[in-house]
Every structure is written in structure tokens, then in C-alpha cells.
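Q: Fold the stuff below for me.
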Amino acid sequence: MSLSDRLRTRGGSNDDNDKPLSKGPISSVEDKRRSFLQEVKIKMHRTLIERLNLEALMALDPDQARKEVSELVRVIFNEEKIAVTSAEREEIIQEVVNETFGLGPLEPLLSDPNIDEILVNNAHNVYVEKFGKLHMTNTHFKDDDHLRHIISRIVARVGRRIDESSPMVDARLADGSRVNAIIPPLALDGPCMSIRRFKKIPFRPDDLVARKSMTEDVLKILELAVKSKLNILISGGTGSGKTTLLNILSSFIPSDERIITIEDAAELQLQQDHVVRLETRPANLEGKGMVTQRDLVKNALRMRPDRIVVGEVRGEEALDMLQAMNTGHEGSITTVHANTPRDAVGRLETMVLMANSNLVHHAIIRQIGSAFHLIIQIRRYADGVRRLDSLTEVTGMEGDIISLQEVFSFDQKGIDSDGNIYGDFTFHDIRPKFLDEAMKKVRGRL
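A: Modelled structure (predicted):
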């Protein structure tokens, strides 16, 4: 008896299998065919579930299980004798397997290594970002309930929930890709989901040079800053590449240091062995059990960290992070949403005020000024390339104003015939204050 035979339960047919596949008149031949194939897929999936022996399926490794289920769907096709072309048949088989094991219509998109983001606006409107540009796809879900089912499957895997009482959620896929979903009544046109992909093989420092996001000289300065345990703030807009840069900078942390990461939804891909990963937790159905980033930052200070890496500071945890940086926890790295280094400082001040700390403006600014050494501004340009826009050194205080000194910036020269932006990374004449001290620290470790 073959494995596919063992995957089938004894027993027979289902009356539902005899139901007609067409529900009503369709305006065009193409729409009618699409509707027919969609119902064939539903019929195949329903019949498959009825025949599967789940115990036998769970005993197989994932690749073998997918192979055997594909064979079983082919058997069902032969039994049903449904009039479809060979290409349509293979497409339906693949979709049924994806529906059974994965994320349904999203599986082909997730298997494309060139897709960086998947943006599901509604059940019939899906875009992807490829090579920095947005493209509409022909991917679609059966209806809102189908999309809602896929979203629920994703969030359930990481112990989260999404329903009318909690209609927004941040989650992640098994490969670390970040997922945000929002459903009605907040999303007016049906469930909506955004997936920010992460490479199975993380970016290496040389990849950023190859992609012209920075030069070798810039990379060496950043490596020196990390190894000398400077506190670094990465600033940029949505989708500018802050987390990717954070991953790359963290690769410069020596392997003999203890790193603790704190994230709202875990997505960092640190390559060192001595890493402790912490992730926030939402409240349960009774509204209890929430663990915030601020709670995790406080707890991390008791875990003997050499480095604290906060995926993104976005609220009242900013106060505890600043206090940690100012009390001996050097070499911390975090990111913030801001358009310029000066805006990043202003956002930090606002977030500290969210903590109801009763600190006066002068005290907050002084804490920020003494906590961070460097602010890296990163930006996604019109040609889709994420570049380091500038590197700014925090040089101290001038009264109630933090003094910032730009070390280098990207000077855009123009746009070529292919729409690619070109320019130079220009270093300014003033020598950075951190450079000599940083080189002494690095030499001291060697």
C-alpha cells in the first residue's frame, strides 16, 4: 500500500461532491471560468480534508507530506473527472496543497526571494514590492472570510489573536517576516494585511556596499563605532531599511559579549551565539497579562547585558532606555521613525514625556544628549534603493539645545536614463570627536 493510500481514510463519498459547481450567471467568460476553477479548488480541498488520515500525515516530514497530499489530490481529480486543462489542474493541486499546509494564495509570493513586501489591501487587491517598486499582482482570495482565516492562522502561530475586540495585531511568520493585520470595523473595505519579508540568508555588510547603500569607507566607520561600544540611534521613515541596517550593525558586535534584544514583534536576525531574545505580549481576553517594551527594558537591566538592542523605540520605554545608556550600558543600538536626525531627537523627547516622568525639558534633552553618540539617517530614494542619507555625531549641549555635527552625507547628483539615482557620499572637513577615542577602545580589545 502506497503512502497516499495510507493518507486516505476508508470510506466513501460525500453528498456535497455531487453539488453543481456553478452558482449563477457571470458577466464574462473569463470571470465565469475563474469562478468555476475557484469552486473546483474548494471542492478538491473539502474532499481532501474528508479523506486525510491526520495521524499518518503528522508522522511524515513536511516535504514528504506535501508530496503525498499532492498525489492524493491527483487521485481525487481522476475520480471526479472534472473538465480542466493540464495547466489548470496543476495550478489547482498546488493551491490546494498551499491551502492545506501554508498560507494559501500567499505561498507563491512568499517563495519569491525578490519580493520584499506583500501588501494585501483586501481579498481581491494584493500588491508586492519588488526591487524597491510596487507592483499589482493577480493574487486574490476567495472572499473576506478566506483572507480572515489566513490572518487568524498567522497570528495564532505566535500566540496572538485578532477579533472585533482586538482588531489590530502585529505578528511574524516562521522565517521572521513581520506581519501587521487590521480587520473591520477599523478596516472599512475588509481585512487588510502587510507582510515585510526578511531574507532567509540575512544581508551581510558587503551587500550594502554592493547595492550602493554606502561605501567601504562608511562601512568601516560604522564597524568602528559598534566595536568601540558607542550608543547608536538609527533614524528613518517606514520601509527605509532601519531593521536591516540594525541587523548588519549588530553583526559587528564581538561574539564574547552578551546581547539582549527587545522587540514588539521579533524580527532581528542576529548571528552571534550569546543572544537572548525578548518579545512583548498583548493582553489576554480578560485584559490582563500585557507585557510592554518598557517592562522588558527594565527586566533586561537585571539580566547582565553587555549590549541592549531595542528593535524600535516607540513609546514610554524611551525613558528607561536612556537611563540604561547613561548608567554604564554602552554599545546599545535602537531605531526610531523620523525624517531627520534633529527630528529623531524631538521624537525621543516626546516619547520620554509619554512615560509621565515629570522631568523638565532641560533634563530630558540633557539625558538624550549624553546617551547617544551617533545618529544614522537612512532613507529610501525614488529609485527604490535604501541609502545612508547621513551620519551625525552628537557632540554635546549648547544651552538647552543638543549640538549635532554631520560626519558625512549623500549628495545626489542626478538621475540616469534608467531612473537610477547617482551621487557621492561626501565626508565633511571637521574630524569627528568620537574617532580617536573609538580607535583607542578598539586597539585596547586587540
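Q: C-alpha only now, for contacts and for neighbours.
A: Noted.
Q: Check the protein and tell me which residue is nearest its centre.
A: residue 178 (2.8 Å; C-alpha atoms, centre = their mean).
Q: Distance-wise, check residue 439 relative to residue 176.
A: Note on residue 439: its distance to residue 176, by C-alpha to C-alpha, to the nearest Å, is 35 Å.
Q: Check residue 219 too.
A: Applying C-alpha to C-alpha to residue 219 and residue 176 gives a distance of 25 Å.
Q: Need the three-state assignment for residue 149.
A: helix (DSSP: H, G, I helix; E, B strand; the rest coil).
Q: Check which helix or strand residue 214 maps to.
A: Using DSSP states H and E, residue 214 sits in no helix or strand.
Q: Kindly report the same for the one 10 residues further on.
A: Assigned by DSSP H and E, residue 224 belongs to helix 216-227.
Q: Kindly export that helix (C-alpha atoms) in CSV.
A: Provided in CSV are the C-alpha atoms of helix 216-227 (Å, rounded to 0.1, in the frame of the first residue of the first chain):
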residue,chain,number,x,y,z
GLU,A,216,33.5,50.9,2.1
ASP,A,217,34.8,53.9,4.0
VAL,A,218,31.3,54.5,5.5
LEU,A,219,31.1,50.8,6.4
LYS,A,220,34.5,50.9,8.2
ILE,A,221,33.4,53.9,10.3
LEU,A,222,30.2,52.2,11.3
GLU,A,223,32.1,49.0,12.2
LEU,A,224,34.5,51.0,14.3
ALA,A,225,31.5,52.8,16.1
VAL,A,226,29.9,49.4,17.0
LYS,A,227,33.1,47.7,18.2
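Q: what packs against that helix?
A: Helix 216-227 is packed against helix 205-210, helix 242-250, helix 434-445, with contacts defined by 3 or more C-alpha pairs under 8 Å, 6 or more residues apart in numbering; DSSP states H and E.
Q: taking the mean pLDDT, what do you get for the helix or strand that that helix is followed by?
A: The first helix or strand that comes after helix 216-227 along the chain, using DSSP H and E, is strand 232-236. For strand 232-236, mean pLDDT is 95.
Q: Quick check: buried residues in strand 232-236?
A: Neighbour counts over strand 232-236 (16 or more other C-alpha atoms under 10 Å) mark 232-236 as buried.
Q: same deal with stretch 152-168?
A: For stretch 152-168, by 16+ other C-alpha under 10 Å, it's 152, 154-155, 160-162, 167-168.
Q: ends of that stretch, how far apart?
A: Terminal residues of stretch 152-168 lie 11 Å apart, using C-alpha to C-alpha.
Q: which residues touch it?
A: Residues from elsewhere that reach stretch 152-168, judged by C-alpha atoms under 8 Å, 6 or more residues apart in numbering: 103, 169-173, 180-186, 282.
Q: Out of the buried residues of stretch 152-168, list just those in helices.
A: Members of these lying in helices (criterion: DSSP state H): 152, 154-155.
Q: Could you single out the nearest of these to residue 72?
A: The closest of those to residue 72 turns out to be residue 154 (C-alpha to C-alpha; 25.8 Å).
Q: Around residue 281, count how many other residues there are.
A: 15 (other C-alpha atoms under 10 Å).
Q: got the contact list for it?
A: Counting by C-alpha under 8 Å, 6+ apart, residue 281 has contacts 264, 289-292.
Q: tell me which residues in stretch 228-248 are buried?
A: Buried residues in stretch 228-248 (16+ other C-alpha under 10 Å): 228-237, 239-248.
Q: nope, stretch 103-121 is what I was after
A: 103-107, 109-110, 115-121.
Q: out of those residues, which are inside strands?
A: 115-121 (DSSP state E).
Q: Could the C-alpha coordinates of stretch 120-135 be exported in PDB?
A: C-alpha atoms of stretch 120-135 as PDB (Å, rounded to 0.1, in the frame of the first residue of the first chain):
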ATOM      1  CA  VAL A 120      -3.000  42.900   1.000                       C
ATOM      2  CA  ASN A 121      -5.400  45.800   0.700                       C
ATOM      3  CA  ASN A 122      -8.400  43.500   0.500                       C
ATOM      4  CA  ALA A 123      -9.400  40.000  -0.600                       C
ATOM      5  CA  HIS A 124      -9.100  41.000  -4.300                       C
ATOM      6  CA  ASN A 125      -6.300  43.600  -4.300                       C
ATOM      7  CA  VAL A 126      -2.700  42.500  -3.500                       C
ATOM      8  CA  TYR A 127       0.400  44.400  -4.200                       C
ATOM      9  CA  VAL A 128       4.100  43.500  -3.800                       C
ATOM     10  CA  GLU A 129       7.300  45.500  -3.500                       C
ATOM     11  CA  LYS A 130      10.000  44.100  -5.800                       C
ATOM     12  CA  PHE A 131      13.400  45.800  -6.300                       C
ATOM     13  CA  GLY A 132      12.000  48.900  -4.400                       C
ATOM     14  CA  LYS A 133       9.000  49.300  -6.700                       C
ATOM     15  CA  LEU A 134       5.300  48.500  -6.100                       C
ATOM     16  CA  HIS A 135       3.500  46.100  -8.500                       C
END
